[in-house]
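Participant: turn this into a structure:
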Amino acid sequence: MYALLITLVGLLVYAILVLLPGGAFSLLLHFLLSLPMQRRDRARFFLDLLETALDRGQPVEQAILSAAESRDRVMGVRFHILAAHLEGGARLGEALEKVPSFLPPQVNAMLRAGEKLGDLKKVLPACREVLRIAPDTVRTTMHYMVAILLLFAPIAIWLISMLSIFVIPKFKDVAAGAGVQIWPVSIFVFHIIPQIVTFEIVLFVLLAALAVFYIGGPGFVRWFQFRSVPLVDWFAWRVPWKQKKLLRAFSAMLAVLLDGGVPEAEAIRLAGEATANEICRRRARRVVAALEHGAKLDDAIRAFDDTGEFHWRLTNAVHARGGFLDALHGWHEALEAKAFQQEETATHAMTSGLVLVNGLIVALIATAMFGILIAILKGTLDAT
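Facilitator: Numbering: from 1, shown residues only. All right, here's what the predicted structure looks like:
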């Protein structure tokens with residue numbers, strides 16, 4: 001009876017000290033990692049709401065106000081703030097400008113451009129292109145990286161620090177007292193322990209920043225954006241898969257505007273604004289300048305894409321039937337596929353690299369510890 005009581009008390013303590021904190025941590029981690037997907041789902045639902053209202057011939061502002069009256073919390077607080085601005089007499093574009101964090105920046109800019117065009121429905125396909133969901137493998141790998149960050153890195157820092165402070169000095173003293181020669185590998189690893197701890201701390205900080213940017217989304221990232229020094233936009237343009245997504249967004253929006261009869265210079269400017277990227281805006285201004293100097297659209301577009309592929313695609317689209325959007329649809333699909341492939345490759349390479357590096361660190365420390373143990377045992381046996 002006494003043994004059973006001790007067992008029950010032990011299980012209760014285990015549940016309180018391990019299971020409950022572990023469950024709370026898992027729920028918090030799931031909530032944080034699901035935030036980007038929740039924002040994307042809300043944006044997709046908002047586009048569905050707009051499309052339904054447009055199909056019915058209903059003003060979109062009225063449809064948004066009707067949806068807000070249901071007090072549904074699924075759309076989040078920012079949706080109701082947007083509805084409040086519309087109720088105050090603002091148009092959709094003005095309300096979106098006042099609540100910039102409700103939708104992704106590119107979708108926000110595209111909808112405002114569609115309102116200027118006078119036909120929101122034409123820009124909805126381009127908006128949905130931006131909101132395409134990444135493959136499950138990419139999302140799973142990103143979540144795995146965050147799990148490594150939150151679990152392994154702090155534990156590794158703590159364990160290595162404890163070893164260097166309490167364990168390794170004791171072993172060194174024992175080896176010195178026994179007159180044992182420590183293995184060169186062990187000496188080397190013990191010497192670089194501070195560098196290993198520093199490396200783990202730097203790795204933790206970098207991955208923490210990556211996790212914060214991923215969870216915070218575009219609204220958080222924009223806090224680090226400066227108009228005169230667009231560091232975030234420059235970085236996005238330099239990342240291969242992000243550049244392809246920006247190129248696809250610009251091309252899709254340009255095709256929609258040209259099909260809608262917008263003058264070429266104005267279409268280029270609005271398409272550049274729709275990317276919500278300062279580097280793309282600057283390149284779009286160079287294209288407009290080339291048009292003003294008498295260049296044709298397919299030649300002027302060279303100023304936007306350094307590879308020249310956009311020029312070739314647009315040249316073919318000019319002579320194609322069915323409009324620019326249909327003519328460029330295949331290229332947009334190819335850009336999306338290449339972007340997903342590059343993103344997946346990069347995330348897998350980064351995750352595999354982290355696992356290999358941390359595995360190498362564990363192997364080095366284990367080899368050093370077993371090396372000094374073997375040296376002490378061998379010295380003791382030789383002495384006897």
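Participant: angles on the backbone of Trp183, please.
Facilitator: According to degrees, to the nearest 10, the main-chain angles of Trp183 amount to phi -60, psi 150.
Participant: tell me the contacts of the nearest residue to it once chain neighbours are set aside?
Facilitator: Once its chain neighbours are removed from consideration, Trp183 has its nearest residue in Gly371; the separation is 4.0 Å (Cβ to Cβ, 6 or more residues apart in numbering). Yep, even glycine has a C-beta here, placed from its N, CA and C like the rest. When the contact criterion is Cβ atoms under 8 Å, 6 or more residues apart in numbering, the partners of Gly371 are Ile182, Trp183, Val185, Ser186.
Participant: what's the spacing between the helix or strand hosting Asp173 and its chain's center?
Facilitator: Applying DSSP states H and E as the criterion places Asp173 in helix 168-177. Between the mean C-alpha point of helix 168-177 and the mean C-alpha point of its chain there is a distance of 47 Å (Cα atoms, centre = their mean, to the nearest Å).
Participant: contacts for the following helix or strand past it, please.
Facilitator: On the C-terminal side of helix 168-177, the nearest following helix or strand under DSSP H and E is helix 184-191. Helix 184-191 has contacts (Cβ under 8 Å, 6+ apart) with Ser164, Ile168, Lys172, Leu364, Ile365, Thr367, Ala368, Met369, Gly371, Ile372, Ala375.
Participant: out of those, which sit inside helices?
Facilitator: Among the contacts of helix 184-191, the members falling in helices are Ile168, Lys172, Leu364, Ile365, Thr367, Ala368, Met369, Gly371, Ile372, Ala375 (criterion: DSSP state H).
Participant: adding distance to Leu50 and pLDDT, write these out as a markdown table.
Facilitator: Converted to a markdown table, the ones in helices among the contacts of helix 184-191 look like this (distance: Cβ to Cβ, whole Å; pLDDT from 0 to 100):
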| residue | distance to Leu50 | pLDDT |
| --- | --- | --- |
| Ile168 | 64 | 83 |
| Lys172 | 70 | 82 |
| Leu364 | 57 | 89 |
| Ile365 | 57 | 88 |
| Thr367 | 62 | 88 |
| Ala368 | 62 | 87 |
| Met369 | 63 | 86 |
| Gly371 | 67 | 84 |
| Ile372 | 68 | 82 |
| Ala375 | 73 | 81 |
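Participant: what's the closest of those residues to Trp241?
Facilitator: Nearest to Trp241, judged by Cβ to Cβ, of the ones in helices among the contacts of helix 184-191 is Leu364 at 34.0 Å.
Participant: what sits closest to the closest one if chain neighbours are left out?
Facilitator: Computed as Cβ to Cβ, 6+ apart, the closest residue to Leu364 that is not its neighbour in sequence is Val189, at 5.1 Å.
Participant: could you check how many residues crowd around the one you found?
Facilitator: 22 (other Cβ atoms under 10 Å).
Participant: the residue nearest to Ala284 when sequence neighbours are not counted sits in which helix or strand?
Facilitator: Closest residue in space to Ala284, ignoring its immediate chain neighbours: Gly272 at 2.7 Å, by Cβ to Cβ, 6+ apart. Taking DSSP H and E as the criterion, Gly272 maps to helix 264-274.
Participant: cool, Lys338 as well?
Facilitator: With elements taken from DSSP H and E, the one containing Lys338 is helix 324-383.
Participant: swap in Ala90?
Facilitator: Judged by DSSP H and E, Ala90 forms part of no helix or strand.
Participant: now it, nearest residue through space, not along the chain?
Facilitator: Computed as Cβ to Cβ, 6+ apart, the closest residue to Ala90 that is not its neighbour in sequence is Lys98, at 7.0 Å.
Participant: count the neighbours of the one you found for me.
Facilitator: Lys98: 14 neighbours (other Cβ under 10 Å).
Participant: low-confidence ranges, the stretch 51-200 of the chain, go.
Facilitator: Filtered on pLDDT under 70, the stretch 51-200 of the chain yields the residue ranges 72, 132-150.
Participant: any chance you could map the helices in it?
Facilitator: In order along the chain, the stretch 51-200 of the chain carries the following helices (DSSP state H, counting those that start in this stretch): 60-69, 77-87, 92-98, 105-117, 120-130, 136-162, 168-177, 184-191, 193-221.
Participant: which of the contacts of helix 184-191 are buried? Put it as a PyMOL command.
Facilitator: Selecting just the buried residues from the contacts of helix 184-191 in PyMOL takes one command, with 16 or more other Cβ atoms under 10 Å as the test:
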select buried, resi 164+168+364+365+368+369+371+372+375
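Participant: would a markdown table of the contacts of helix 184-191 with distance to Gln342 be doable?
Facilitator: Rendered in a markdown table, the data for the contacts of helix 184-191 read as follows (distance: Cβ to Cβ, whole Å):
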| residue | distance to Gln342 |
| --- | --- |
| Ser164 | 40 |
| Ile168 | 43 |
| Lys172 | 48 |
| Leu364 | 33 |
| Ile365 | 35 |
| Thr367 | 37 |
| Ala368 | 39 |
| Met369 | 41 |
| Gly371 | 42 |
| Ile372 | 45 |
| Ala375 | 49 |
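Participant: closest one of the contacts of helix 184-191 to Val232?
Facilitator: Closest to Val232 out of the contacts of helix 184-191 is Leu364 (37.1 Å), distances taken as Cβ to Cβ.
Participant: quick one: that closest one and Ala274, what's the gap?
Facilitator: 51 Å (Cβ to Cβ, to the nearest Å).
Participant: got it, and Ile301?
Facilitator: For Ile301, the distance to Ala274 (Cβ to Cβ) stands at 15 Å.
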